[in-house]
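S.K.: just coords:
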């Protein structure tokens with residue numbers, strides 16, 4: 001906006017100076033007409049080509065009519081040419097001013113978009129108290145040794161419980177172990193005895209992952225392995241007994257399993273497919289809708305803080 005104002009001021013000042021100079025020249029020519037013929041007047045060499053060019057432009061340089069040098073034109077013609085040139089200058093200035101205003105409008109639009117984006121960023125996924133409550137519930141489950149923090153040892157102990165069921169092939173068990181390792185490194189960093197994740201750090205790390213599109217797509221990669229580990233009859237579906245086995249590996253009670261299974265078995269057929277299992281497990285991380293049945297996937301939620 002400031003640039004636009006300065007530009008308009010400079011253009012207006014330049015036009016006024018030009019008109020004053022031209023008017024002064026016309027006045028001088030008018031006086032000299034009474035003293036000697038115009039044909040004997042020789043304008044200063046430094047201004048001759050400039051003024052002549054301006055008058056040619058103002059009077060239509062592209063036409064087929066023969067153009068006269070400015071010092072050979074009548075004073076009235078010179079004045080008319082000055083007015084025409086002033087109008088063209090004003091038109092060009094208006095165009096430039098409109099372009100400058102357009103640039104200013106573009107700047108305003110950019111600022112509005114920036115503020116809109118900043119506002120949307122302040123409303124990221126995972127900011128609700130309900131979502132935080134779910135993540136605290138999961139932190140408690142993954143804290144296998146119940147020392148208040150999660151370590152890579154907790155991850156390994158949890159994976160070992162499922163592997164020890166003996167329902168995974170050696171190849172799938174190796175994949176499961178590798179996925180657990182990758183999940184830890186992506187989510188919590190390096191594997192050391194000193195990398196201990198508190199509940200608050202757990203929430204912060206998952207919040208970051210939830211709002212990163214690439215990382216959000218990989219949330220719950222370990223879920224198919226949990227399903228296959230408890231699908232001991234390899235039917236591709238879990239019944240209540242198998243879901244109880246799933247909960248035992250998580251360190252939860254069979255009563256918790258019965259309550260959760262009754263909620264998430266939406267169609268009441270007594271079975272949970274792999275697709276449903278993975279969908280509900282991922283939705284637990286991704287949704288903040290309290291009406292979704294996925295809130296019971298990992299058992300009853302802990303009390304509000």
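M.R.: Cool, the structure landed. Predicted, not measured: the structure shown is a model, and the values here were computed from it. Numbers count the residues shown, from 1 in each chain.

S.K.: Count the residues that sit near residue 267.
M.R.: Residues contacting residue 267 under the criterion other CB atoms under 10 Å number 8. (Each C-beta comes from the backbone N, C-alpha and C, glycine too.)

S.K.: what about it, is that helix, strand or coil?
M.R.: With DSSP: H, G, I helix; E, B strand; the rest coil as the basis, residue 267 sits in coil.

S.K.: What score does it have for pLDDT?
M.R.: For residue 267, the model assigns a pLDDT of 85.

S.K.: Next: the one 4 residues further on.
M.R.: According to the model's per-residue confidence, residue 271 sits at a pLDDT of 94.

S.K.: just residue 288 next, same as before
M.R.: At residue 288, pLDDT is 93.

S.K.: And for residue 100?
M.R.: So residue 100 comes in at 50 (pLDDT).

S.K.: could you pull out the helices for the protein?
M.R.: If DSSP state H is used as the criterion, the helices of the chain fall at 2-33, 45-59, 75-122, 129-142, 152-163, 170-188, 199-210, 213-217, 223-230, 240-250, 254-264, 274-286.

S.K.: Buried residues of stretch 251-266, list them for me.
M.R.: 251-252, 256-257, 260-261, 264-265 (16 or more other CB atoms under 10 Å).

S.K.: what's the answer for stretch 292-302, then?
M.R.: Applying 16+ other CB under 10 Å to stretch 292-302 flags 294-299, 301 as buried.

S.K.: one step back: among the buried residues of stretch 251-266, which one sits closest to residue 177?
M.R.: Here the nearest of the buried residues of stretch 251-266 to residue 177, counting by CB to CB, is residue 251; it sits at 19.6 Å.

S.K.: For residue 157, see how far away the closest one is.
M.R.: Going from residue 251 to residue 157 by CB to CB, to the nearest Å gives 10 Å.

S.K.: Need the overlap of contacts for these two.
M.R.: residue 144 (CB atoms under 8 Å, 6 or more residues apart in numbering).

S.K.: pretty sure residue 252 contacts residue 299?
M.R.: Yes: between residue 252 and residue 299 a contact is recorded at 4.7 Å, counting by CB atoms under 8 Å.

S.K.: how many neighbours does residue 221 have?
M.R.: Residue 221: 15 neighbours (other CB under 10 Å).

S.K.: Skipping its backbone neighbours, what lies nearest it in space?
M.R.: residue 179 (5.5 Å; CB to CB, 6 or more residues apart in numbering).

S.K.: contacting residues for that neighbour?
M.R.: Counted by CB under 8 Å, 6+ apart, residue 179 has contacts 221-222, 225.

S.K.: Closest one of those residues to residue 212?
M.R.: residue 221 (14.6 Å).

S.K.: where does that closest one fall, phi/psi-wise?
M.R.: Torsion angles at residue 221 (phi, psi; degrees, to the nearest 10) stand at phi -60, psi -20.
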